[in-house]
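Enquirer: any chance you can model this:
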Amino acid sequence: MGGQSLVAYVVISWLPTILTDQGMDKGEAGLVFAFSTLVQMAGSLLVPVLAGRMRSQRALGVVTAGLMAAGAAGLLIDPVGGAWLWAVLLGVGQGGTLGLALTLMVLRTRTAHTAARLSGMAQTWGYLLAALGPFTLGALRQATGGWTVPVAALLAVCCGLMLLALGAGRDRKI
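Expert: The predicted model follows:
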C-alpha cells in the first residue's frame with residue numbers, strides 16, 4: 001500500500017509541475033494530469049477481477065508496478081513528447097496496483113477478522129510512508145535543481161514495488 005500510494009501522491013503533487021518545467025503549457029499539463037487520473041479507473045476495475053481468478057498474483061503485481069515504472073522512465077527520457085503515453089502508463093499502473101493491494105488483503109487471509117487487521121495495519125503504515133513521497137521528491141528537486149534525480153527516485157520506488165509483488169502475490173495465506 002505504501003509504495004503504491006507514494007507513487008500516486010507524487011504524481012498528484014508533481015506531474016503538472018514536472019511537465020511545465022520541461023516546457024509544456026500549463027493547460028495541457030493539467031489535461032495530461034486529469035487524463036492520468038481518469039485512466040486509473042481501468043486498472044482499478046480490471047485488476048481486482050483478474051486477481052480473483054488467479055491462484056498467484058505475482059505476475060499481475062509485476063505488470064501493474066511495471067506500468068508505473070515505464071511511465072516514470074518515460075518522464076526521464078522524454079517528459080513532454082511522450083506525456084500522454086506516460087500518463088496512461090502511470091494511471092493504469094496506479095489504479096491497478098491500488099486495486100491489487102486492496103484485493104490481496106482479502107485473498108491472503110483466512111478470516112474477515114484477519115483481513116480487517118491486515119488492512120488496518122497496511123493502510124495506516126502505508127499512508128504514513130506515502131505522505132513522505134511528495135515532500136522528499138520536492139526536497140530532491142530543490143537540492144538538485146532539476147527533475148532527473150527525483151524522477152529517478154520515483155522509478156526506483158516503482159522497481160521496488162515490482163520486487164515486492166513477487167512476495168505479496170504468492171499463493172499463500174497469513
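Enquirer: show me the helices in the protein, by range?
Expert: With helices called from DSSP state H, the chain shows them at 2-21, 26-52, 58-77, 83-107, 112-144, 148-168.
Enquirer: which one of the ones you listed lies nearest to residue 174?
Expert: Evaluated over the helices of the chain, closeness to residue 174 peaks at helix 112-144, with 7.0 Å, by C-beta to C-beta. All C-beta spots, glycine's among them, are computed from the backbone N, C-alpha and C.
Enquirer: what packs against the closest one?
Expert: Helix 112-144 is packed against helix 2-21, helix 83-107, helix 148-168, with contacts defined by 3 or more C-beta pairs under 8 Å, 6 or more residues apart in numbering; DSSP states H and E.
Enquirer: mean neighbour count, these: which tops it?
Expert: Ranked by mean neighbour count under mean count of other C-beta atoms under 10 Å, the helices and strands packed on helix 112-144 are led by helix 83-107, which reaches a mean of 23.
Enquirer: off-centre distance for the helix or strand bottoming out on mean pLDDT in the chain?
Expert: When the helices and strands of the chain are scored by mean pLDDT, DSSP states H and E, helix 112-144 comes last with a mean of 93. Centroid displacement of helix 112-144 relative to its chain, using C-alpha atoms, centre = their mean, to the nearest Å, is 12 Å.
Enquirer: next up, the contacts around the residue nearest to residue 39 when sequence neighbours are not counted.
Expert: Nearest-residue entry for residue 39: residue 91, 3.8 Å, with adjacent residues in sequence omitted and distances by C-beta to C-beta, 6 or more residues apart in numbering. Residue 91 makes contact with 35, 36, 37, 38, 39, 40, 42, 43 under the criterion C-beta atoms under 8 Å, 6 or more residues apart in numbering.
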